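S.K.: the sequence and its predicted three-dimensional model are supplied below.
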Amino acid sequence: MIARALAQDTPIILLDEPTSHLDLYHKVQILKLLKTIAHHTQKTILFTTHEIEVALQLSDKMLLLRKEESYFDTPEALIQGKYFEKLFPANTIQFDPILGSFKIV
């Protein structure tokens, strides 16, 4: 799927959950490869994921979607703006901005 998207040689590549059903190692390898490709070819690669913590570490920018509103910025700016704290009910899942990860309460 990713090879076909690259072969089309478009300036923007859209991928829907490109790493679903992969283990963590292979998810990271694929996303690191996509980041390298984007930077070296000046392509925009937009992908959806539920792997928020992996995306935090490997994305240049992120769009967080909620029913009420959405937020778009660098991962660092989204952390500083406390937007990850709004994603889940605080009595169930909390975001630790120091570690950049979620914890179950």
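M.R.: Good, I have the coordinates.

S.K.: what's in contact with the longest helix belonging to the chain?
M.R.: The longest helix of the chain (DSSP state H) is helix 24-41. Helix 24-41 is contacted by residues 2, 6, 15, 18-19, 22, 43-45, 47, 51, 54-55, 58-60 when judged by C-beta atoms under 8 Å, 6 or more residues apart in numbering. For every residue, glycine as well, the C-beta is placed using N, CA and C.

S.K.: let's see that with 7 Å instead.
M.R.: For helix 24-41, contacts defined as C-beta atoms under 7 Å, 6 or more residues apart in numbering pick out 6, 18-19, 22, 43-45, 51, 54, 58.

S.K.: what's the farthest-apart pair in those residues?
M.R.: Greatest spatial distance in those: 22 and 44, 22.5 Å, computed using C-beta to C-beta.

S.K.: ChimeraX command to pick out the buried ones of the contacts of helix 24-41?
M.R.: Applying 16 or more other C-beta atoms under 10 Å to these, the buried members can be selected in ChimeraX as follows:
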select :18,19,43,45,51,58
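
S.K.: nearest to residue 74 among the contacts of helix 24-41?
M.R.: The nearest one, if we look at those relative to residue 74 and count by C-beta to C-beta, is residue 58, at 12.3 Å.

S.K.: ok, the residue nearest to that closest one when sequence neighbours are not counted to residue 5 distance?
M.R.: Spatial nearest neighbour of residue 58, excluding adjacent residues (C-beta to C-beta, 6 or more residues apart in numbering): residue 31 at 4.7 Å. The gap separating residue 31 from residue 5 is 14 Å, by C-beta to C-beta, to the nearest Å.

S.K.: thank you, goodbye.
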